[in-house]
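Enquirer: Give me coordinates for this.
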Amino acid sequence: METKHISLPFCLIAKDILIYMMIIPILFFILATCKNSYNNIMSAIKIRRAEKEDCPRLLALIKGLALYEKAPEEVTVTLSHFEESGFGNNPVWWAFVAEEEGTIHGFALYYIRYSTWKGQRMYLEDIYVDPQMRGKKIGAQLFERLIVEAKERKLQGMVWQVLDWNEPAINFYKKYNATFDNEWVNCAIAF
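Expert: From the prediction side, this is the model:
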């Protein structure tokens, strides 16, 4: 059986090569630009411990979180009580903030709880990032900083709650192999 070879005119092959030679540098430029933009965003965000001066902004973000969680009227803490609870003689909470050029765009607030079964554990009370800053890995930076903090304090783990309808948060926590417990019911008494 005779094999037939199809030969393309050299001008068509040369044209294709020229097109690829023009496109490849453009693609590399686009990729480099995107990577540089991402790196600039990541390097511009600083994760640091919260300070007393951050409390007004933290409280504003907490109110933003309450609005997102469809419970804005539930935030009743005063600024003075909030400041005293975090920076008074006996602080009961600590926090990390995500800051860019002097503006706090997110925070993670925690305290230490004691489990009679597990010992001391970090309780993540709130983690929140301004809606316009989401998608920039700020939540991940805050969450990973909490993990480092818990390990440095030699805590036995970290626990938190998430609303069952908050799919973005649930999916975020799944990336960290978090376990979800549907067995326990939350209880509270208000005074």
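
Enquirer: show me where this protein has helices.
Expert: Counting by DSSP state H, the chain has helices at residues 10-44, 55-68, 79-87, 138-152, 167-174.

Enquirer: Just list what the last one packs against, helices and strands only.
Expert: Packing contacts for helix 167-174, counted by 3 or more CB pairs under 8 Å, 6 or more residues apart in numbering; DSSP states H and E, involve helix 138-152. No exception for glycine: its C-beta is placed from N, CA and C like everyone else's.

Enquirer: And the contacts of the helix it packs on?
Expert: Where contact means CB atoms under 8 Å, 6 or more residues apart in numbering, the residues beyond helix 138-152 that reach it are 42, 45, 47, 96, 98, 105-108, 110, 121-122, 124, 127, 129, 157-158, 172, 176.

Enquirer: for the record, mean pLDDT for that helix?
Expert: For helix 138-152, the per-residue pLDDT values average out at 98.

Enquirer: can you state the direction angle for that helix and helix 167-174?
Expert: 40 degrees (axes from the mean of the first three to the mean of the last three CA atoms, to 10 degrees).

Enquirer: Any idea how many residues pack against Glu83?
Expert: Number of residues near Glu83 (other CB atoms under 10 Å) recorded here: 17.

Enquirer: Regarding this structure, what is its longest strand?
Expert: Of all the segments assigned as strand in the chain under DSSP state E, the longest by residue count is strand 103-115.

Enquirer: That one packs against which elements?
Expert: Under the contact criterion of 3+ CB pairs under 8 Å, 6+ apart, the helices and strands touching strand 103-115 comprise helix 55-68, strand 94-100, strand 119-129, helix 138-152.

Enquirer: Mind listing what's buried along it?
Expert: Along strand 103-115, the positions that meet the burial threshold by neighbour count (16 or more other CB atoms under 10 Å) are 104-110.

Enquirer: between it and helix 138-152, how many degrees?
Expert: Going by the same axes, to 10 degrees, strand 103-115 is angled at 40 degrees with respect to helix 138-152.

Enquirer: I'd like the mean pLDDT over strand 103-115, please.
Expert: Here strand 103-115 scores 98 as its mean pLDDT.

Enquirer: Can you say which of the helices and strands packed on strand 103-115 is packed in most?
Expert: Across the helices and strands packed on strand 103-115, the average number of neighbours (mean count of other CB atoms under 10 Å) peaks for strand 94-100, which reaches a mean of 21.

Enquirer: Output the longest strand of the chain in CSV, but only the C-alpha positions, please.
Expert: Coordinates of the C-alpha atoms in strand 103-115 are reproduced here as CSV (Å, rounded to 0.1, in the frame of the first residue of the first chain):
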residue,chain,number,x,y,z
THR,A,103,-7.1,50.6,56.0
ILE,A,104,-8.3,47.5,57.7
HIS,A,105,-10.2,45.3,55.3
GLY,A,106,-10.8,42.2,57.4
PHE,A,107,-10.3,40.6,60.8
ALA,A,108,-10.3,37.3,62.7
LEU,A,109,-11.3,37.5,66.4
TYR,A,110,-10.8,34.6,68.7
TYR,A,111,-10.6,33.6,72.4
ILE,A,112,-9.4,30.5,74.3
ARG,A,113,-12.0,28.1,75.5
TYR,A,114,-11.5,25.0,77.6
SER,A,115,-12.8,21.6,76.6
